[in-house]
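K.L.:
kindly generate the corresponding structure for this input.
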Amino acid sequence: MQSKKQKIHFIAIGGSVMHNLAIALKQAGHEVSGSDDEIFDPSRATLIKHGLLPEKEGWWPEKLDQSFDAVILGMHAKKDNPELIKAQELSLRIFSFPEYIYEQSKNKQRIVIAGSHGKTTITAMIVHVLNFLKHKFDYVIGAKVNGVEYTVKLSDAPIIIIEGDEYLSSALDPTPKFVRYQHHLGLISGISWDHANVFPTEEEYVKQFDLFADQTPKGGILIYCEQDSMALIISKKERADVLAIPYRSHPHVYEKSQFFLTNGKEKYPIKIFGSHNYQNISGAKEVLKKIGVTDDQFFAAISSFEGASGRLQKIKEVDGFSFYKDFAHAPSKVKATVKALKEIHPTRDLVACLELHTLSSLSKNFLPQYKDSMKSAQVQIIYVNSEKMKLKKLEPLEDTEIRKSFAAPAAHIFNDQQKLQEFLLQQSWKNKNLLMMSSGNFGGLNITQLAEKINSI
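P.N.:
Next comes the predicted model:
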């Protein structure tokens, strides 16, 4: 990490990973400032705690002068951002988030975890195991992990574990973020079309992962899930002096309400479940093996892994009823999450509620990708925030086209958060599970309060 103390400004400091980088740099002794046009919790509360919350929301180009060593440009800042324009006029060094992370890890072994789904969990597993074993390492991860206070760590460690997103680096740089990290060891967990607002066709989206795989250097390693057809096709392509390593779901059993990983005759208890997570476990294990973690060490550590925050997170459980929330929003993630929860309680009816929140999910052209993604649920609910649609100037989605796209003629469609909540509170929850899935917040719905109200019925 840069040892010389610098003066650094963040444009769009409120982003989930941006504010964590700002905190990491301040803790390293750098002078850090930032701006944003809107900042929500938990970013807001964390920035307040560290004295980094801007005095006022908005863009303030007058903050910038020649004294700044670097400007870090967040993803949602546009090309016409007044602070960006001022930084360009001053010829300041402007970095996207991934460019800056690369700059700080040039002399480290860079391990990048990529994939349309599973990358956060795999990265979290690796971080958990290395922490358990008290290894020295840095990381960038997209979600909270138990025992890890912040999601970015930069130090003089010899290795960095990075969750690699395929989304564009910044308004100035259309390169996928995971390409900017220039990995030595890369992993592809699976590929399923997402970010349709940026990659309008599946072919264009898949091409980004091909670029990532092709970037694996001579002597480098590419690990991939062979149970994902697209990851298999891309990763098996001949690349000079690249070691390609496949993985598949780790063997497991379910006995007496407990899940176990198996290794020969040995069984190891785990706290997570779902076929997608058995793939994630194998992927993490292969990566860790390449940096010196033995099987015995891995199994000892993974038993205490509880999952990344917001991924199949149990909110409440009483006799005959469980309430989970999940970050799932893309079709492949929704399908895997619904299937996993149905598998753990096959005799209970599953009520699955999905918020269409991302630009992709709210696009009429992309919506058919959700076909059958919720078919494992006995009751399917889809929530669309009509106010968000208006703000983004999107064409309204008709209930009939949503049901048709999901191949779910009996799906319940809501665009009013209050009516959604009333519907859920009116249900009988005996021998049922509820799953709420969104990368948003269901129009401000308080999940904790909802869980308390349901369980008091």
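
K.L.:
state which helix of the protein is the longest.
P.N.:
If each helix of the chain is counted by residues according to DSSP state H, the longest one is helix 275-290.

K.L.:
right, and residue 241 touches residue 222 too?
P.N.:
No: no contact is recorded between residue 241 and residue 222 when judged using C-beta atoms under 8 Å, the distance being 11.4 Å. Quick note: C-beta positions are derived from backbone N, CA and C, even for glycine.

K.L.:
what's stretch 303-311 in contact with?
P.N.:
Outside stretch 303-311, the residues that touch it by C-beta atoms under 8 Å, 6 or more residues apart in numbering are 120-121, 123-125, 128-129, 132, 141-146, 268-272, 313, 325-327.

K.L.:
now, the residues you listed that are in strands?
P.N.:
By the criterion of DSSP state E, membership of those in strands covers 268, 269, 270, 313, 325, 326.

K.L.:
dump the residues you listed to a markdown table, plus neighbour count.
P.N.:
A markdown table is the format used below for those (neighbours: other C-beta atoms under 10 Å):
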| residue | neighbour count |
| --- | --- |
| 268 | 17 |
| 269 | 13 |
| 270 | 21 |
| 313 | 16 |
| 325 | 22 |
| 326 | 24 |
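
K.L.:
take those and write them to CSV, including pLDDT.
P.N.:
Formatted as CSV, the ones in strands among the contacts of stretch 303-311 follow (pLDDT from 0 to 100):
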residue, pLDDT
268, 95
269, 94
270, 95
313, 86
325, 93
326, 90
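
K.L.:
so for residue 241 and residue 222, which residues contact both of them?
P.N.:
Shared contacts of residue 241 and residue 222, defined by C-beta under 8 Å, 6+ apart, are absent.

K.L.:
for these two, indicate the residue with more neighbours.
P.N.:
With neighbours defined as other C-beta atoms under 10 Å, residue 241 and residue 222 compare such that residue 222 has more, 24 against 9.

K.L.:
a strand runs through the more buried one, doesn't it?
P.N.:
Yes: the assignment for residue 222 by DSSP: H, G, I helix; E, B strand; the rest coil puts it in a strand.

K.L.:
what's the spacing between it and residue 214?
P.N.:
Relative to residue 214, residue 222 is positioned 10 Å away (criterion: C-beta to C-beta, to the nearest Å).

K.L.:
and for those two, which residues touch both?
P.N.:
Taking C-beta under 8 Å, 6+ apart as the contact definition, residue 222 and residue 214 share the neighbouring residues residue 239.

K.L.:
mind listing the strands for the stretch 301-450 of the chain?
P.N.:
Defined through DSSP state E, counting those that start in this stretch, the strands belonging to the stretch 301-450 of the chain, from first to last, are 313-318, 321-326, 349-356, 379-384, 412-414, 432-437.

K.L.:
do the stretch 101-250 of the chain as well
P.N.:
Listed from the start of the chain, the stretch 101-250 of the chain has strands (DSSP E, counting those that start in this stretch) covering 109-114, 138-140, 152-153, 159-163, 168-170, 173-176, 185-188, 221-225, 243-247.

K.L.:
can you put these in TSV and add distance to residue 38 and mean pLDDT?
P.N.:
Compiled in TSV, these are given as follows (distance: least, C-beta to C-beta, whole Å; pLDDT from 0 to 100):
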stretch	distance to residue 38	mean pLDDT
strand 109-114	29	98
strand 138-140	23	97
strand 152-153	21	96
strand 159-163	24	98
strand 168-170	18	94
strand 173-176	23	94
strand 185-188	34	98
strand 221-225	37	98
strand 243-247	40	97
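
K.L.:
point out the most buried one among these.
P.N.:
With neighbours taken as mean count of other C-beta atoms under 10 Å, the strands of the stretch 101-250 of the chain reach their highest mean count in strand 185-188, at a mean of 28.

K.L.:
neighbouring contacts of it?
P.N.:
Residues lying outside strand 185-188 but in contact with it, judged by C-beta under 8 Å, 6+ apart, are 109-115, 122, 164, 178, 209, 212-213, 215-216, 220-225, 228, 231, 234-235, 283, 286-287, 290-291.

K.L.:
point out where the stretch 1-150 of the chain drops to low pLDDT.
P.N.:
Within the stretch 1-150 of the chain, the stretches falling below the threshold (pLDDT under 70) are 1-3.

K.L.:
hey, where'd the helices end up in it?
P.N.:
Ranges of helices within the stretch 1-150 of the chain are 18-27, 43-49, 82-89, 97-104, 119-132, based on DSSP state H, counting those that start in this stretch.

K.L.:
for residue 62, find the nearest of the ones you listed.
P.N.:
helix 82-89 (8.0 Å; C-beta to C-beta).

K.L.:
mind listing what's buried in the closest one?
P.N.:
Neighbour counts using 16 or more other C-beta atoms under 10 Å place 82, 83, 84, 86, 87 of helix 82-89 among the buried residues.

K.L.:
farthest pair in these?
P.N.:
82 and 87 (9.8 Å).

K.L.:
which of the contacts of stretch 303-311 count as buried?
P.N.:
For the contacts of stretch 303-311, a burial check counting by 16+ other C-beta under 10 Å picks out 120-121, 123-125, 128-129, 132, 141-145, 268, 270, 272, 313, 325-327.

K.L.:
chain neighbours aside, what residue packs nearest to residue 284?
P.N.:
Sequence neighbours aside, residue 125 is the residue nearest to residue 284 in space, at 3.8 Å (criterion: C-beta to C-beta, 6 or more residues apart in numbering).

K.L.:
for the one you found, give me its contacts.
P.N.:
Applying C-beta under 8 Å, 6+ apart, the residues near residue 125 are 280, 281, 284, 302, 305.

K.L.:
if I look at it, how far off is residue 264?
P.N.:
Remark: distance between residue 125 and residue 264 (C-beta to C-beta) = 21 Å.
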